[in-house]
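>>> Give me the fold of what follows.
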Amino acid sequence: MTVEHLPVLLREVIALLSPREGGTYIDATVGLGGHSEEILKMIGQDGRVIGIDKDEEALRRTAARLRDNRLILRRGGFSGIEDIVGSAGINEADGILFDLGVSMMQFKDLRRGFSFSSEERLDMRMDISQKLSAWDVINRYPENDLIRILKDYGEEYKAARIVRAIAGQRKRKPIDTCVELADIVARAVGTRGRLHPATKTFQALRIEVNREIGELKEGLDASLRLLRKGGRLCVISYHSLEDRTVKNFMRDNAREQKLRLLVKKPIVPDIREVRGNPSSRSAKLRGAERL
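Just a heads-up that it's a prediction; the model follows:
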């Protein structure tokens with residue numbers, strides 16, 4: 001599988017993060033290393049980038065693509081960021097970047113079970129070593145829990161109708177594949193509009209499987225402890241639940257004079273970037289500086 005790597009809001013991230021020579025930077029979702037690659041160009045021979053990702057395949061590809069001894073790659077999630085960088089002998093950083101959501105590599109690899117069109121087993125695990133998968137959530141969670149997940153994480157107002165359809169189907173046989181689930185949702189709610197009718201359901205499942213909101217909150221809290229004075233925090237989010245979490249965190253800590261907001265409103269991709277990389281269209285970038 002070949003995936004063209006197009007880091008989202010690259011120029012804008014670099015402008016906000018403002019990497020300096022000799023600095024230490026944490027790319028908390030390194031993916032295929034597009035943002036890290038640009039940071040490495042600006043930090044000189046004494047600088048370092050710690051690239052973290054839950055996905056072992058992403059780390060392997062990035063190591064092979066960049067081959068730079070200033071780049072330290074580690075496997076893990078946001079909640080373990082302090083232990084991860086500590087194991088590399090680092091306890092302070094000049095900048096931290098979070099690029100949230102599922103990567104294009106994960107989405108396009110149909111074996112990973114993120115895509116509506118995948119005929120593979122429902123999965124959606126960013127870390128394939130964890131036990132909980134989307135199959136477990138869909139086939140084993142009580143109906144009330146499924147409704148809550150779709151409402152809270154997918155902001156799906158037709159959650160009850162979708163869950164009734166899921167419950168009816170799984171009584172007859174397990175719902176095994178992404179295509180099966182997408183079809184069930186489409187039949188339950190119809191196919192009006194530009195977005196696939198299962199978009200919010202799949203988003204909610206992915207967030208639940210990977211504990212994304214909890215991980216994000218823990219990672220943001222850790223960033224305050226890791227950033228040295230003047231260090232910068234940048235976060236790219238892709239849906240309103242993520243962006244609201246980031247906005248509230250930065251606003252609250254700005255009020256407590258722990259952070260200084262770098263932008264009043266989130267930065268979004270311009271029309272040229274969206275045309276070249278349609279998956280960037282919902283991206284929002286926020287930044288703050290440690291006081």
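
>>> Could you double-check that Y238 lies in contact with A283?
Yes - counting by CB atoms under 8 Å, Y238 touches A283, with 5.8 Å between them. Where C-beta positions appear, they are placed from N, C-alpha and C, glycine not excepted.

>>> got the phi/psi numbers for the residue lying farthest from the centre of the chain?
No residue in the chain sits farther from the centre than R172, which is 34.3 Å out by CA atoms, centre = their mean. Main-chain torsions, R172, degrees, to the nearest 10: phi -80, psi -40.

>>> Tell me the confidence at it?
You'll see R172 listed with a pLDDT of 95.

>>> Same check on S103?
Listed pLDDT for S103 reads 58.

>>> With neighbour numbers in mind, choose between Y238 and A283.
Neighbours were tallied for Y238 and for A283 using other CB atoms under 10 Å; the higher tally belongs to A283 (24 against 19).

>>> show me the contacts for that one.
By CB atoms under 8 Å, 6 or more residues apart in numbering, the residues touching A283 are 8-9, 236-238, 268-269.

>>> Reformat these as CSV; add secondary structure.
Putting the contacts of A283 into CSV (DSSP: H, G, I helix; E, B strand; the rest coil) gives the following:
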residue, secondary structure
V8, coil
L9, coil
I236, strand
S237, strand
Y238, coil
V268, coil
P269, coil
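
>>> Which one (most neighbours) among these?
Neighbour-wise, the contacts of A283 (other CB under 10 Å) top out at I236, 28 neighbours.

>>> Just give the closest residue to it, not the sequence neighbours.
Take I236 and drop its neighbours on the chain: the residue closest to it by CB to CB, 6 or more residues apart in numbering is D99, 4.7 Å away.

>>> From L9, how far out is the one you found?
Per CB to CB, to the nearest Å, D99 is found 9 Å from L9.

>>> same check, this time on R67
Distance from R67 to L9, by CB to CB: 25 Å.

>>> next one: S79
Distance from S79 to L9, by CB to CB: 25 Å.

>>> Who are the contact partners of the residue nearest to I236?
With contact taken as CB under 8 Å, 6+ apart, D99 is in contact with 7-8, 27-29, 31, 35, 236.

>>> cool, and C234?
13, 16-17, 95-98, 285-287.

>>> Secondary structure class of it, three-state.
Judged by three-state DSSP, the three-state class of C234 is strand.

>>> hey, what's it bridged with?
L97, G287 (DSSP bridges).

>>> Looks like D46 contacts T24 (just checking).
No - contact between D46 and T24 fails when scored by CB under 8 Å: they sit 9.6 Å apart.

>>> Which residue ranges of the stretch 101-250 of the chain form helices?
In the stretch 101-250 of the chain, the helices defined using DSSP state H, counting those that start in this stretch lie at 104-108, 134-140, 143-154, 159-172, 178-189, 199-210, 212-226, 240-255.

>>> Buried ones in the last one, by neighbour count?
Right, the one you point to is helix 240-255. The neighbour-count check on helix 240-255 (16 or more other CB atoms under 10 Å) flags 241-243, 245-247, 249-250, 253 as buried.

>>> where's the closest residue to D46 other than its chain neighbours relative to L226, distance?
Closest residue to D46 apart from its sequence neighbours, by CB to CB, 6+ apart: G22 at 4.4 Å. From G22 over to L226 the distance is 17 Å, taken as CB to CB.

>>> Have a look at the two and say which one is more surrounded.
Applying other CB under 10 Å to G22 and L226 shows that L226 carries more neighbours, namely 21 against 12.

>>> That one: what's it in contact with?
26, 81-82, 85, 91-93, 96.

>>> how close does it get to E37?
According to CB to CB, L226 and E37 sit 22 Å apart.

>>> can you check L6 too?
According to CB to CB, L6 and E37 sit 12 Å apart.

>>> In terms of neighbours, single out the busier of those two.
Each of L6 and E37 has its neighbours counted (other CB under 10 Å); E37 has more, 21 against 14.

>>> Which element, helix or strand, includes that one?
For E37, the host element (DSSP states H and E) is helix 34-40.

>>> mind checking the SS state of R11?
Secondary structure for R11, judged by three-state DSSP, is helix.

>>> For it, give me the pLDDT.
95.

>>> Give the burial count for it, as a bare number.
R11 has 11 neighbours, counted by other CB under 10 Å.

>>> residues making contact with stretch 265-278?
Outside of stretch 265-278, the residues within contact range by CB under 8 Å, 6+ apart are 6, 8-9, 12, 16, 237, 243, 247, 280-281, 283-286.
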